[in-house]
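> Sharing a model that was predicted from the sequence below.
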Amino acid sequence: MTNLCFGCDTKQHVEDEAIEEMIAFQLAMEVNKVNEKEWYKRQAICENCPARQGPTCSKCGCFYKFRTALEGKSCPINLW
Ligand code: SF4
C-alpha cells in the first residue's frame, strides 16, 4: 500500500515498509525520546484519531509513529 506524505513540499508516495524503515532509522538518532509505555499510549491515541491519514497526521504533517516518540513534541490538537 502506498501513502501520501503530507509533510513534503512535493507530494510523494511512499511504501509502508519504507516508512517504517525511515522512522526506525531516524528514531535511532534521536536522544530525547519518551519511554515505550508512553510511546505506545500516544500511538494508540493517534491510531483512533480522525486526523490521522495512514501513517501521517493531517494536522502537523508528521509521521505519527515518529512524532509520538519524541519527548519535546505534543499533539497539535492536544490529545496527548
Ligand atoms: S498527533 Fe494528535 S491530531 Fe495528529 S493523529 Fe495524533 S492524536 Fe491526531
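Yep, that arrived.

> what residue ranges in this protein score low on pLDDT?
1-14 (pLDDT under 70).

> Would you tell me which residues of it are close to the ligand?
Contacts of the chain with the ligand, taken as CB under 6 Å from any ligand atom, map to 45, 46, 49, 51, 52, 57, 59, 64, 75, 76, 77, 79. Placement of C-beta: from N, CA and C, glycine included.

> and the closest residue to residue 49 other than its chain neighbours, how many residues sit next to it?
Distances taken as CB to CB, 6 or more residues apart in numbering put residue 79 closest to residue 49, at 6.3 Å, once the chain neighbours are dropped. By the criterion of other CB atoms under 10 Å, residue 79 has 13 neighbours.

> what about the longest helix in the protein?
Longest helix in the chain, counting residues (DSSP state H): helix 16-29.

> Quick check: next helix or strand after that helix?
The helix or strand immediately downstream of helix 16-29 is helix 36-47, counting by DSSP states H and E.

> who touches the residue positioned nearest the centre of the chain in this structure?
Centroid check for the chain by CA atoms, centre = their mean gives residue 64 as the closest residue, at 1.7 Å. Counting by CB atoms under 8 Å, 6 or more residues apart in numbering, residue 64 touches 43, 46, 47, 52, 55, 56, 57.

> tell me the phi and psi of it?
Dihedral angles of residue 64 (phi, psi; degrees, to the nearest 10) stand at phi -60, psi -30.

> ok, the closest residue to it other than its chain neighbours to residue 68 distance?
Spatially, and ignoring its direct neighbours in sequence, residue 64 is nearest to residue 46 (4.0 Å; CB to CB, 6+ apart). Between residue 46 and residue 68 the computed distance is 6 Å (CB to CB, to the nearest Å).
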